[in-house]
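J.: My questions are about this predicted structure, shown below with the sequence.
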Amino acid sequence: MTPDLVHGALELEPTPQGLRPHRLPAWARARNADPQLAMVEAQPAGVRLAFRTSATRLEVETVPTKRVYAGMPPRPDGTYDLVVDGELVAQGVVTGGRVMTVDLAGGGTALEEGAPGRCVFAGLAPGPKEVEVWLPHDETTELVAVHADAPLTASPAERPTWVHHGSSLSQGSNAVHPTGTWPVVAARSAGLELVNLGFGGGALLDPFMGRVLGEAEADLLSVKVGINLVNADLMRRRALGPALHGLLDAVRHGHPDTPLVVVTPLLCPVHEQTPGPAAPDPAAFAEGRLAFVATGDPSEVAAGRLTLEVVREEVRRVVAQRQAEDPALVLLEGPELFGADDVAVHPLPDNLHLSPAGHRLVGERFAARLPALVPDL
């Protein structure tokens, strides 16, 4: 496996078997002590192999890490999407690999080693073509090799680069395949080269994230903040404004003039007026499914507890203050992408995350709004 085939990762870690894509660089990973963020940044949401070839058969060899929740039914294998000349033409999986068992009740994890496997795409049309293989957005994937019946030539990244940071909604929770996550839907619709820094449970205004965004090569930047601050019950209103200012200061240190879109939280009924933390719903768990409830006390909002409504107010205030001297900074209200009417049509399956149809809706709306938000892109 050669690094020039890989798009969308900030770093490729050499391993005894190949390359492990990372969505955070090593220096940022060293500043993180959260096992959740360590897990999800190594899940290659938005990462793909891109090459030109005349091959009619491809075999992508990887070592996946399957995630299992103790006491819950097995999760489906991560999906690999094959895109040829811009069209999704096939999907596949890699079975086997490592197994990570997560104990939601006790908080521990256990890892069982496994062997590489292959995702096979056969019967491709003959002749030269542009090929992308999008890796699973929610399954850690160690790249071993691509086997083909014709040579592969790495494709250059020729489109404008969009670097997006957000939560599990941006990583793609509940999407059933990698090109079905809303950032990928948006990037493909708008003709952008995506770097997806959406991290399940990890959009928490970590100081190092501002530097990561500031150092990334980008023609467009976006930051969607809020839901994790509420469902982690991480901070109070007093801390939110300065923390957001700090993140944006770090981004602007590296990208003083790059278009920067700040997105307020999408609508999420359980946390609109109820603080976190979020917790697994015991009734759903007893039925063998995962859903979440908000456990905070709404009466404590006056004392500074965060809800999504409070977060939106603070984000609007910070962005409005900065726009006076930052004309490339724009605000996009999350409920314009997914609001009350949309929840009625596309309910959140686990009370927190978009459905597959919801992902497509948000991605299409984001792409449709970009020309007005960033007319010079």
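T.: In hand now; what should we look at?
J.: Partner strands of the lengthiest strand in the chain and their direction?
T.: Identified as the longest strand of the chain according to DSSP state E is strand 57-69. Its sheet considered, strand 57-69 pairs with strand 98-102 (parallel), strand 117-122 (antiparallel), strand 140-148 (antiparallel) by DSSP bridges.
J.: Can you tell me which of these is packed in deepest?
T.: Highest mean neighbour count among the strands paired with strand 57-69 (mean count of other Cβ atoms under 10 Å): strand 140-148, with a mean of 21. Where C-beta positions appear, they are placed from N, C-alpha and C, glycine not excepted.
J.: Now do the helix or strand that comes right after it: which elements does it pack against?
T.: The C-terminal neighbour of strand 140-148 among helices and strands, as given by DSSP states H and E, is strand 152-154. Applying 3 or more Cβ pairs under 8 Å, 6 or more residues apart in numbering; DSSP states H and E, we find strand 152-154 packed against strand 48-53.
J.: ok, back up a step: among the strands paired with strand 57-69, which is nearest Arg52?
T.: Smallest distance to Arg52 across these (Cβ to Cβ): 11.3 Å, for strand 140-148.
J.: Kindly calculate the angle that that closest one makes with strand 48-53.
T.: Interaxial angle, strand 140-148 versus strand 48-53 (axes from the mean of the first three to the mean of the last three Cα atoms, to 10 degrees): 10 degrees.
J.: How far does strand 140-148 sit from its chain's centre?
T.: Its chain's C-alpha centre and that of strand 140-148 lie 21 Å apart, by Cα atoms, centre = their mean, to the nearest Å.
J.: Identify the residues contacting that strand?
T.: 1, 5-6, 15, 17-21, 39, 42-44, 47, 49, 51, 53, 55, 57-65, 78, 94, 98, 100, 116, 118, 133, 135, 152 (Cβ atoms under 8 Å, 6 or more residues apart in numbering).
J.: Select only the buried ones of those residues in ChimeraX?
T.: The ChimeraX selection below is limited to those of those classed as buried (16 or more other Cβ atoms under 10 Å):
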select :1,5,6,17,18,19,20,21,39,42,43,44,47,49,51,53,55,58,59,60,61,62,63,64,65,78,94,98,100,116,118,133,135,152
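J.: circling back to that earlier point, please state the mean pLDDT value computed over the longest strand of the chain.
T.: Averaged across strand 57-69, the pLDDT comes to 92.
J.: Kindly report the same for stretch 200-214.
T.: 97.
J.: swap in stretch 103-119?
T.: Throughout stretch 103-119, pLDDT has a mean value of 82.
J.: Could you pull out the buried residues of it?
T.: Pro116, Gly117, Arg118, Cys119.
J.: for stretch 176-186, same thing?
T.: His177, Pro178, Thr179, Gly180, Thr181, Trp182, Pro183, Val184, Val185, Ala186.
J.: from the chain's centre, how far out does it sit?
T.: Distance, centroid of stretch 176-186 to centroid of chain: 9 Å (Cα atoms, centre = their mean).
J.: I would like the residues contacting that stretch, please.
T.: 45-46, 48, 76, 79-81, 83, 88, 91, 134-137, 164, 166, 169-172, 175, 188, 192, 194, 196, 198, 354, 356, 358-360, 362-364, 366-367, 370.
J.: Quick one: buried ones out of those residues?
T.: Listed as buried from the contacts of stretch 176-186 are 45-46, 48, 79-81, 83, 88, 91, 134-137, 164, 166, 169-172, 175, 188, 192, 194, 196, 198, 354, 356, 358-360, 362-364, 366-367, 370; burial here means 16+ other Cβ under 10 Å.
J.: now, which of those lie within helices?
T.: Counted as lying in helices by DSSP state H, out of the buried ones among the contacts of stretch 176-186, are 169-171, 188, 356, 358-360, 362-364, 366-367, 370.
J.: Next, Pro256: secondary structure please.
T.: Three-state call for Pro256 (DSSP: H, G, I helix; E, B strand; the rest coil): coil.
J.: From Val262, how far out is it?
T.: Distance from Pro256 to Val262, counting by Cβ to Cβ, to the nearest Å: 16 Å.
J.: Settle this for me: Glu13 is touching Leu19, isn't it.
T.: Yes. Between Glu13 and Leu19 there is a contact at 6.8 Å, judged by Cβ atoms under 8 Å.
J.: Outline the domain layout of this structure.
T.: Listed domain ranges for the chain are 3-154, 161-373 (source: automatic domain parsing).
J.: and those, which one's lowest on average pLDDT?
T.: domain 3-154 (a mean of 93).
J.: That one spans what distance, first to last residue?
T.: The first and last residues of domain 3-154 sit 9 Å apart, counting by Cα to Cα, to the nearest Å.
J.: starting at the chain centroid, how far to it?
T.: Per Cα atoms, centre = their mean, the centroid offset for domain 3-154 relative to its chain is 14 Å.
J.: One more: stretch 260-279?
T.: 16 Å.
J.: Endpoints of that stretch, how far apart?
T.: Using Cα to Cα, the two ends of stretch 260-279 sit 33 Å apart.
J.: what comes up buried for it?
T.: Those would be 260-268, 270-272, 274-276, 278, for stretch 260-279 by 16+ other Cβ under 10 Å.
J.: Report the two of those separated the most.
T.: For the buried residues of stretch 260-279, with distances taken as Cβ to Cβ, the pair at the greatest spread is Leu260 and Thr274 (30.3 Å).
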